[in-house]
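Engineer: just need the structure, nothing else, for what follows:
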Amino acid sequence: MLILSTPLHFLGALWRHRVDLFWPIWVAITGLGVIVVLFVIPRQKPFPRNPIPDRRGAWSRSSIFAVAFLALFLTFYIAGDLAGEEFTYYDNSLFTLGTLAGHNIPIFIWPNEGRFFPLCDQEFNLIRHVTSSIVGYHSLRIAQLVLLSLILLFLDNELGIKQRVALILLILITPSVLISFGGLIYPESNLVFSLVCFLLCVEKFGRTHSRAWAVSALVSAQFMLYYKETVFLLILGFAAARLLLRCRAGTQKGWDWRRLNEPESRLDACVAFMVVPFLLYYFAAMFPGYRTQYAKNFRVPYPEMLGTYFKIDLLAWILVAVILVRAYLILRRKTEALLLWDGMAFGALGYMAGYVVLGLQSAYYFAPADIIAVLYVGRLMLLGWAHMKGGAQSCATVLLAMVFIQDISLSSFRLYEEKNVVRAKAEIGSVIEQRFQSSPQNVRRIFFPSTETVHMMELGAYLTYRGVSIERISGGEAGTGAVMMVGESVKKDGPCVSGKPLLCHPGAEPEPGDLVVMLPDDVTQSGELKSHRQPGTEPLFSYSPWPPIPDFLMPFVRRLHVISPEFFNKPLPDGFLHASVIVWE
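Structural biologist: Numbering: from 1, shown residues only. Below you'll find the predicted structure:
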């Protein structure tokens, strides 16, 4: 009985602490996957297989110039990401109240919300021990961008150097990619990087049959699975499509199921196998509620969601059209399947379908699908350009121009908005900090006439990071002797946001001595701006977006609101990106 009770006791403890023990469980699952790969895939010496013409040796002067241009573009791209950065953007309270204050970011497993993305932002729990600077926090994203570009530069040997550079540049200006790598909190940056590593490992395994590449591919897939819930659809779609296409390949009718025994098929099966423990862990972590509250809270009506995705990501819908046509041609045996690329395209289709079914929409959700779309559609167009007829070339050119114009305009607007939001809030923080440090009695209350509570909390977290004592919960009671945050949007006294320690209070009007703060992302119209400025008084601080947008461009700029994190479903307000701090008298 003692021998039997010990395993049962262990399993019971494991079940009770299944969320807290994420890291041991994840490592155990990864180790199990590695063992399966080593057992299933036979050991053999690497050998060339299905050689593809390698154009890496074709380093002409124009190719060298193209790579030099890519390096220069990356330099300015990274410099643009870092310019003016502060811990003031959305959800940066993870750092200002968390890692920068000496606390780890928790594991993101939320049974009550139905969310399971435990690897999200966990890298900052290591980074916080090395650096506390904004540049240091961005260093991982910078390294990922450089490595991602290098991998893509040498991934596809069928394309020339200039063609690969062109695809990399298109990827970098894609809005979902720019957003993912431009911010700190988006798990899509890690997901995209893991995806590209996965592609490289699978491609190398197909050439060499080296078990080292097989293990690397499986570990990359394991990382991907735990960054976003819908990734399991990408992994399953990729593996299933490759298995079916491999057995379907050839000119003879019917299916050749003997090909399931090939090393590549065994790797695909191992990758698909990793979805099983992921789903088991997901359902165990969500037990017994199985709620989908997050999806319900943020679900967008299907017509609006599909229309918005079309406005911000034409490239994704081109991918859908191309893969459907390719699927028809492959089934009719009119074209040969490309196992790596067609597999990834079908995986992207499943990944996108997951978000569409859930009704969730955001400008960066499709980042992995966009990467695949550029590589897949781009290579098909470049390799088949010489065989296209005049009408097909014209159609391809028009679609490419539309994608390019959409990407440039939306990415430029998103970057412009982000930099102004960050800069305005950082300067507001500096003004309040200086006033507080000179005399704390001058900053007793901060009044927000038009600010949502979540943004009040984020600014309060940044002010705390800057040394301003903001009122917070202490032992379950409201703190005393600290700066109060009051807002019209606050319903009752209590935490500004559930799970955060900062307090907010309701208030209809500012009191004498209050600092009245208008943030750059407040939903304010010109009349509201004037109503909170007293006649004859100058603002303590005033901010206008830089560089200013000419009036004749504003009608076009206002159409780009769909890429905004705050105004994607509503028009830009009159006070968009304007901010101020006023001492109320």
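Engineer: buried stuff in stretch 88-107?
Structural biologist: Of the residues in stretch 88-107, those buried under the neighbour-count criterion (16 or more other C-beta atoms under 10 Å) are 88-90, 92-100, 105, 107. C-beta here means a position set from N, CA and C on the backbone, and glycine is covered the same way.
Engineer: between the residues you listed, which sits nearest Asn125?
Structural biologist: Of all those, Ile105 has the smallest distance to Asn125: 5.8 Å, by C-beta to C-beta.
Engineer: shouldn't that closest one be in contact with Thr96?
Structural biologist: No. Proximity of Ile105 to Thr96 does not meet the contact threshold set by C-beta atoms under 8 Å, at 12.0 Å.
Engineer: will you turn the buried residues of stretch 88-107 into JSON lines that also has pLDDT, distance to Arg18 and secondary structure?
Structural biologist: As requested, the buried residues of stretch 88-107 are exported to JSON lines (pLDDT from 0 to 100; distance: C-beta to C-beta, whole Å; DSSP: H, G, I helix; E, B strand; the rest coil):
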{"residue": "Thr88", "pLDDT": "95", "distance to Arg18": "36", "secondary structure": "coil"}
{"residue": "Tyr89", "pLDDT": "95", "distance to Arg18": "33", "secondary structure": "coil"}
{"residue": "Tyr90", "pLDDT": "93", "distance to Arg18": "30", "secondary structure": "coil"}
{"residue": "Asn92", "pLDDT": "95", "distance to Arg18": "30", "secondary structure": "coil"}
{"residue": "Ser93", "pLDDT": "95", "distance to Arg18": "27", "secondary structure": "helix"}
{"residue": "Leu94", "pLDDT": "95", "distance to Arg18": "24", "secondary structure": "helix"}
{"residue": "Phe95", "pLDDT": "96", "distance to Arg18": "28", "secondary structure": "helix"}
{"residue": "Thr96", "pLDDT": "96", "distance to Arg18": "30", "secondary structure": "helix"}
{"residue": "Leu97", "pLDDT": "95", "distance to Arg18": "27", "secondary structure": "coil"}
{"residue": "Gly98", "pLDDT": "95", "distance to Arg18": "23", "secondary structure": "coil"}
{"residue": "Thr99", "pLDDT": "96", "distance to Arg18": "25", "secondary structure": "helix"}
{"residue": "Leu100", "pLDDT": "95", "distance to Arg18": "30", "secondary structure": "helix"}
{"residue": "Ile105", "pLDDT": "95", "distance to Arg18": "19", "secondary structure": "coil"}
{"residue": "Ile107", "pLDDT": "94", "distance to Arg18": "11", "secondary structure": "coil"}
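Engineer: quick one: the strands in the protein?
Structural biologist: Using DSSP state E, the strands of the chain run over 109-110, 115-116, 445-448, 473-474, 477-478, 484-487, 494-495, 503-506, 515-518, 541-543, 579-583.
Engineer: outline the domain layout of this protein.
Structural biologist: 31-387, 420-583 (automatic domain parsing).
Engineer: can you flag the weakest of those domains by average pLDDT?
Structural biologist: Here the domains of the chain differ in mean pLDDT, and the lowest is domain 420-583 at a mean of 87.
Engineer: how about the spatially most central residue of the chain, what does it touch?
Structural biologist: The residue at the geometric middle of the chain, judged as the C-alpha nearest the mean C-alpha position with C-alpha atoms, centre = their mean, is Glu188 (2.9 Å). Neighbouring residues of Glu188 by C-beta atoms under 8 Å, 6 or more residues apart in numbering: 176, 179-180, 227-228, 364-365, 367-368.
Engineer: Gln441 too?
Structural biologist: By C-beta under 8 Å, 6+ apart, Gln441 lies in contact with nothing.
Engineer: how close does it get to Met484?
Structural biologist: Distance, Gln441 to Met484, by C-beta to C-beta, to the nearest Å: 13 Å.
Engineer: cool, Ile179 as well?
Structural biologist: Computed with C-beta to C-beta, the distance linking Ile179 and Met484 is 34 Å.
Engineer: which one's more surrounded, those two?
Structural biologist: Ile179 (24 against 18; other C-beta atoms under 10 Å).
Engineer: wait, the more buried one sits on Arg414?
Structural biologist: Yes. Taking contact to mean C-beta under 8 Å, the distance of 6.2 Å between Ile179 and Arg414 places them in contact.
Engineer: which residues are in contact with both of the two?
Structural biologist: Counting by C-beta under 8 Å, 6+ apart, the shared contacts of Ile179 and Arg414 are Ala363.
Engineer: returning to that earlier point: could the domains of the chain go into JSON lines alongside distance to Pro24?
Structural biologist: Formatted as JSON lines, the domains of the chain follow (distance: least, C-beta to C-beta, whole Å):
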{"stretch": "domain 31-387", "distance to Pro24": "10"}
{"stretch": "domain 420-583", "distance to Pro24": "25"}
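Engineer: out of those domains, the one nearest Gln406 is which?
Structural biologist: Checking the domains of the chain against Gln406 by C-beta to C-beta gives domain 31-387 as the closest, at 5.5 Å.
Engineer: Leu167 - nearest residue in space that isn't next to it in sequence?
Structural biologist: Closest residue to Leu167 in three dimensions, ignoring its sequence neighbours and counting by C-beta to C-beta, 6 or more residues apart in numbering: Gly378, at 4.6 Å.
Engineer: what's the one you found in contact with, if anything?
Structural biologist: Neighbour list for Gly378: 166-167, 170 [criterion: C-beta under 8 Å, 6+ apart].
Engineer: where do the helices sit along the stretch 301-450 of the chain?
Structural biologist: Using DSSP state H, counting those that start in this stretch, the helices of the stretch 301-450 of the chain run over 302-312, 314-331, 339-358, 367-384, 390-438.
Engineer: show me what contacts Gly33?
Structural biologist: Listed by C-beta under 8 Å, 6+ apart, the contact partners of Gly33 are 218-219, 222, 270, 273-274.
Engineer: check those residues and tell me the two furthest apart.
Structural biologist: Looking at the contacts of Gly33 by C-beta to C-beta, the two members farthest from one another are Val219 and Phe273, with 13.6 Å of separation.
Engineer: re earlier: out of the buried residues of stretch 88-107, who's nearest Met286?
Structural biologist: Ile107 (14.0 Å).
Engineer: how far away is the closest one from Ala285?
Structural biologist: Separation of Ile107 from Ala285 (C-beta to C-beta) stands at 10 Å.
Engineer: now Ser176
Structural biologist: Per C-beta to C-beta, Ser176 is found 28 Å from Ala285.
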